[in-house]
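[1] Give me coordinates for this.
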Amino acid sequence: MPGDSVEPLHVGLTFDLADEHRMTSLSEEELAEFDSEETILGIEQAIANMGHRTWRIGSIQSLVQALARGKRWDLVFNIAEGRFGRARESQVPALLDAYSIPYTFSDPLVLGIALHKGHAKAVARAAGVPTADYRLIERIGDLEPNALTFPVFAKPVAEGTSKGISKDSIVQSPAELRRVCGDLLDRFAQPVLLETYLPGREFTVGVLGTGTHARCLGTLEVLLVGDADVGVYSYRNKKQFVGKVEYRWLRPEADCKIESVESVALAAYRALGCRDAGRVDVRLAADGQPCFIEVNPLPGLNPEVSDLAILVKQTGLGYPELIAAIVREATERCLFCPSRLGQH
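    Numbering: from 1, shown residues only. The predicted structure is shown next:
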């Protein structure tokens, strides 16, 4: 909102626009993590409402060209997903670090670890955060012997937006496991993460802040309805959520599980070193124990359909206020290193 900042900042926006990548003949599933014009416009308007100036940078290729021309910004609002490699989300932040330009959200190390769900689980588990038993399958031969008890859950280790997750992800037998893993290895050319299947309720928790100042914004329960794929928040369920998914906002005082769910989410977020804002997915085990599934340190920010945007609307916090809060979190971090803010 106007008046949030004494001095206007020059804020660059880094992003990957789906329409631009669509011209390179990518499939709709391959485009799933990229952003829409609606998202970029929503972020621009929210930042402008704070009294700041915005500049559309775009993808990492455009960022490289702008930096080469000597362009600088006080702050970069970064939601660039990247296209190639397991460290694709780390590329823009690494480049901004090299030029000492501050940016929103997590640093390259955190983004690289979080995208690789096996590494994220290892870090979280080492910090005492409960998570399902798991193993990585790099080739079909790794399935012998399978140390996990059926049913197991199979998904690509380094994808987002539920890419590669379907009704077939819940696997009941060795023969089925071999077929599903073979398909995922071929399609995504990366290891498959196998987990003991968690049959309980699923939640997504919004988090704002950094380190000890991080706090939960609220929690949504993900309810599968209608003709949804049963028992799994699949790519189909997520992309065609109307009539398949209901998002129920839960108050801690009205649901005895929410306090423990949010405790697990916050512990995972802090253990992984996430910054400014993010979203953490949690699911209940058969005994009711909340277990960390994964963290999204670059949460989707579409004003209408992204989980975090849906969550903040349920809590009464508007979308512009969410974006403003993220900007404030980032700029307050940078005050500890004032030479990096306000110079361009």
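[2] in stretch 268-287, what's buried?
    Residues of stretch 268-287 classed as buried by neighbour count (16 or more other Cβ atoms under 10 Å): 268-285. (C-beta placed from N, C-alpha, C; glycine too.)
[3] next one: phi and psi at I293?
    Main-chain torsions, I293, degrees, to the nearest 10: phi -100, psi -60.
[4] dump the residue contacts of it.
    By Cβ atoms under 8 Å, 6 or more residues apart in numbering, I293 lies in contact with 131-132, 198, 202, 281-283.
[5] got it, and S173?
    F150 are the contacts of S173 under Cβ under 8 Å, 6+ apart.
[6] what's the distance between it and P151?
    9 Å (Cβ to Cβ, to the nearest Å).
[7] Likewise for N237?
    18 Å.
[8] same question, R251
    Look at R251 and P151: by Cβ to Cβ, they are 32 Å apart.
[9] between the two, which one's more packed in?
    Taking neighbours as other Cβ atoms under 10 Å, R251 and P151 compare with P151 leading, 16 against 10.
[10] Pretty sure the more buried one sits against Q172.
    Yes - the pair P151 / Q172 is scored as a contact, 5.2 Å apart, by Cβ atoms under 8 Å.
[11] for this protein, what helix or strand is lowest in average pLDDT?
    helix 18-22 (a mean of 73; mean pLDDT, DSSP states H and E).
[12] next SSE after that helix?
    The first helix or strand that comes after helix 18-22 along the chain, using DSSP states H and E, is helix 37-49.
[13] on that earlier part again, so which of the buried residues of stretch 268-287 are in strands?
    277-284 (DSSP state E).
[14] give me the element C291 is part of.
    Applying DSSP H and E as the criterion places C291 in strand 290-296.
[15] Show me where the stretch 101-250 of the chain has its helices.
    Counting by DSSP state H, counting those that start in this stretch, the segments of the stretch 101-250 of the chain that form helices are 108-115, 117-126, 174-188, 235-239.
[16] Just name the most buried of those helices.
    Burial of the helices of the stretch 101-250 of the chain is given as mean neighbour count (mean count of other Cβ atoms under 10 Å); helix 108-115 ranks first at a mean of 22.
[17] Distance-wise, check the most centrally placed residue in the chain relative to D142.
    Nearest to the geometric centre of the chain sits N296, at 2.1 Å (Cα atoms, centre = their mean). To D142, N296 is 27 Å away according to Cβ to Cβ.
[18] And for E38?
    Counting by Cβ to Cβ, the separation of E38 from D142 is 42 Å.
[19] of these two, who's got more company?
    D142 (16 against 12).
[20] you'd agree that one is up against L136?
    Yes - the pair D142 and L136 passes the contact test of Cβ under 8 Å, sitting 7.5 Å apart.
[21] circling back: JSON lines please, covering the ones in strands among the buried residues of stretch 268-287 and showing distance to L335 and pLDDT.
    Formatted as JSON lines, these follow (distance: Cβ to Cβ, whole Å; pLDDT from 0 to 100):
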{"residue": "A277", "distance to L335": "18", "pLDDT": "98"}
{"residue": "G278", "distance to L335": "21", "pLDDT": "97"}
{"residue": "R279", "distance to L335": "25", "pLDDT": "97"}
{"residue": "V280", "distance to L335": "26", "pLDDT": "98"}
{"residue": "D281", "distance to L335": "31", "pLDDT": "97"}
{"residue": "V282", "distance to L335": "32", "pLDDT": "98"}
{"residue": "R283", "distance to L335": "37", "pLDDT": "97"}
{"residue": "L284", "distance to L335": "40", "pLDDT": "97"}
